[in-house]
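**Q** the following comprises the amino acid sequence and a computationally predicted model.
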Amino acid sequence: MSATRTRTVCGALMGYWRWMEKRGVVAEGMANPWERQAPGKARAKGAAEPERAFTDNEVAALFGGTTEGFMLDLMRFAALTGARLEELARLTVGMCDADVIRAPGLKGSNVSTPRDVPVHPDLAPIIAERIKGKPADAWLFPEFGDLNKHAERSGAVSKRFNRYRQEAGVHEREEGRRRSKVNFHSFRRWFATRAIAAGQEPRIIEAVIGHKPDPSDVLMRSYVTAGQLGAKLRECVLAVKLPSDTKRGR
């Protein structure tokens, strides 16, 4: 049987198992025996390597390459929350306090779920400074400017960051490829990578960064809410440490 056919059959069997769960044929919450049984898709010959997380040295280079307060604050938020750039752009003063960042989540092609992210100690002074004396509906990062015609704020800053990243010497692009393997999203990957290295559970990391839940994960989808995982979420956030030479300079 070809790999493609095997993946199709395994997908059907996984769906059949969930159907049996709903009808009480098997106990709800039992591990799906067909999960992760399908062979992975082979990378096409000549296909680009996937985009990747920043290395610690690259993170240090990015923080050391500028004294601009906005860029330093934005990178620190990205590295210590794992949030997407557009999520950070949409944060308002009312979504942030000393303990929790209420990440708004995103829909469409860039999906991430709304969630409460515990505030990392390195973010607390930035939040305090940015919310002071401002109304709840004010943007936390007014530097992004107004919403564009697609109701988004991050486009111009994304381009600006990529220019800065290259100036800082943080760049890796294959011959003949348009996109670099590193970009602002690499902070999100860096957060997940450091959390894994610190021994945090993948399910908890996913809850922190708002990764779309695996529909086959019945336990997390149906029985556990992020609110019930508060201590675990905080432990995960605290486990991520910026390189020692990235002290905030403004």
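**A** Okay, I see it. Numbering: from 1, shown residues only.
**Q** this protein: strands as residue ranges?
**A** Using DSSP state E, the strands found in the chain span residues 100-103, 115-118.
**Q** ok, and what's touching the last one?
**A** What it means is strand 115-118. By C-beta atoms under 8 Å, 6 or more residues apart in numbering, the residues outside strand 115-118 that reach it are 81-83, 99-103, 105, 207-208, 210, 226-227, 230, 233-234, 237-238. (C-beta placed from N, C-alpha, C; glycine too.)
**Q** which secondary element of the chain has the worst mean pLDDT?
**A** Ranked by mean pLDDT, DSSP states H and E, the helix or strand of the chain with the weakest confidence is helix 218, at a mean of 53.
**Q** what does the pLDDT read for residue 224?
**A** With respect to pLDDT, residue 224 scores 52.
**Q** can you pull out the helices in this protein?
**A** Residue ranges of the helices in the chain, as given by DSSP state H, are 3-22, 56-64, 69-81, 85-89, 124-131, 155-167, 185-197, 202-209, 218, 230-239.
**Q** closest to residue 178 out of these?
**A** Each of the helices of the chain has some distance to residue 178 by C-beta to C-beta; the shortest is helix 155-167, at 11.7 Å.
**Q** now stretch 237-244, how far from the centre of its chain.
**A** Centroid displacement of stretch 237-244 relative to its chain, using C-alpha atoms, centre = their mean, to the nearest Å, is 15 Å.
**Q** and that stretch, average pLDDT?
**A** Mean per-residue pLDDT for stretch 237-244: 95.
**Q** which residues touch that stretch?
**A** Counting by C-beta under 8 Å, 6+ apart, 56-57, 59-60, 63, 76, 79-81, 117-122, 191, 194-195, 198-200, 208 sit against stretch 237-244.
**Q** can you select the buried ones among those for me in PyMOL?
**A** Here is the PyMOL selection string for the buried members of those, based on 16 or more other C-beta atoms under 10 Å:
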select buried, resi 56+59+60+63+76+79+80+81+117+118+119+120+122+191+194+195+200+208
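**Q** circling back: got a ChimeraX select line for the buried ones in the contacts of strand 115-118?
**A** To isolate in ChimeraX the members of the contacts of strand 115-118 that are buried, counting by 16+ other C-beta under 10 Å, one can use:
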select :81,82,83,100,101,103,105,207,208,210,226,233,234,237
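**Q** which non-adjacent residue is nearest residue 167?
**A** residue 65 (6.9 Å; C-beta to C-beta, 6 or more residues apart in numbering).
**Q** contact partners for that neighbour?
**A** Contacts for residue 65 (C-beta under 8 Å, 6+ apart) come out as 164, 167-169.
**Q** what subset of those is buried?
**A** residue 164.
**Q** hmm, back to that, looking at the strands of the chain, which is closest to residue 22?
**A** Closest of those to residue 22 is strand 115-118, at 26.5 Å (criterion: C-beta to C-beta).
**Q** what pairs with the closest one, parallel or antiparallel?
**A** Applying DSSP bridges, strand 115-118 is found paired with strand 100-103 (antiparallel).
**Q** look at residue 156 and say how many residues are nearby.
**A** Counted with other C-beta atoms under 10 Å, residues neighbouring residue 156 total 14.
**Q** any idea how far it lies from residue 141?
**A** 12 Å (C-beta to C-beta, to the nearest Å).
**Q** ok, now residue 103?
**A** 13 Å.
**Q** so residue 229 makes contact with residue 204?
**A** Yes - taking contacts as C-beta atoms under 8 Å, residue 229 lies within contact range of residue 204: 6.6 Å.
**Q** so what's the nearest residue to residue 10 once chain neighbours are set aside up against?
**A** Closest residue to residue 10 apart from its sequence neighbours, by C-beta to C-beta, 6+ apart: residue 38 at 3.8 Å. By C-beta under 8 Å, 6+ apart, the contact set of residue 38 is 6-7, 10-11.
**Q** hmm, try it at 10 Å
**A** Counting by C-beta atoms under 10 Å, 6 or more residues apart in numbering, residue 38 makes contact with 3-4, 6-11, 13-14.
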